[in-house]
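**Student:** Predicted model, plus sequence, below.
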Amino acid sequence: MNPLGKGQFYLVREDVLTESMQKMLEAKRLLASGEERTIQEATKRVGLSRSAYYKYRDTVFPFESIARERILTIFIQLEDRQGSLATILQIISDARCNVLTIHQTIPVQGRANITLSLDVTDMPIKLDEFMHRMKAPSFIDSVHLVSSGAL
């Protein structure tokens with residue numbers, strides 16, 4: 001086992017990041033989008049010292065920026081309704097994703113499970129927005145990211 005801080009990576013939810021880390025990520029987003037041109041402008045706008053920005057900039061990254069693999073596997077639990085699969089596939093299509101594999105269980109007591117592997121190479125939205133859209137239909141009980149990996 002590697003000692004902490006020796007090149008090991010962790011995937012954590014945004015709400016457990018320190019305020020400084022969250023501000024640094026926002027400053028990086030402002031720079032990447034062109035809303036701010038310099039680090040000084042971006043850090044001033046988010047209320048972060050430049051030293052804190054430099055401390056975290058090469059160590060904290062959004063999931064999408066380091067997940068070079070553009071294949072996602074998601075697991076969906078849903079109420080069995082006519083047209084539910086078509087609705088899910090439309091959401092996927094609208095997000096410019098390509099379905100690689102799909103498996104749907106036979107509905108039992110009005111509930112079914114779907115496992116999808118998706119190529120998200122051309123997806124123009126962030127992963128959290130995509131997952132939010134997948135959870136939006138009223139017949140969806142839950143959507144879980146199972147894996148992100150290359151073929």
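**Tutor:** Good, I have the coordinates. Numbering: from 1, shown residues only.

**Student:** for whatever helix or strand Asp128 lives in, which positions count as buried?
**Tutor:** Using DSSP states H and E, Asp128 falls within helix 127-135. Within helix 127-135, the residues that count as buried by 16 or more other C-beta atoms under 10 Å are 127, 130, 134. Heads up, the C-betas are built off the backbone N, CA and C, glycines and all.

**Student:** how much space between the most centrally placed residue in the chain and Ser138?
**Tutor:** Closest residue to the average C-alpha location of the chain: Leu127 at 2.7 Å, with C-alpha atoms, centre = their mean. Distance, Leu127 to Ser138, using C-beta to C-beta, to the nearest Å: 22 Å.

**Student:** now do Leu116
**Tutor:** Taking C-beta to C-beta, one finds Leu116 at 19 Å from Ser138.

**Student:** And Ser148, by the same measure?
**Tutor:** Distance from Ser148 to Ser138, by C-beta to C-beta: 27 Å.

**Student:** just to revisit the earlier point, show me what the helix holding Asp128 is packed against.
**Tutor:** Where contact means 3 or more C-beta pairs under 8 Å, 6 or more residues apart in numbering; DSSP states H and E, helix 127-135 is packed against strand 71-79, helix 84-94, strand 140-148.

**Student:** Compute the inter-axis angle for the longest one and strand 71-79.
**Tutor:** When you say that, I think you mean helix 84-94. 150 degrees (axes from the mean of the first three to the mean of the last three C-alpha atoms, to 10 degrees).

**Student:** Then the last one?
**Tutor:** Direction vectors for strand 140-148 and strand 71-79, defined by the same axes, to 10 degrees, enclose an angle of 160 degrees.

**Student:** relative to helix 84-94, how tilted is the helix holding Asp128?
**Tutor:** Going by the same axes, to 10 degrees, helix 127-135 makes 150 degrees with helix 84-94.

**Student:** Understood, closing this out.
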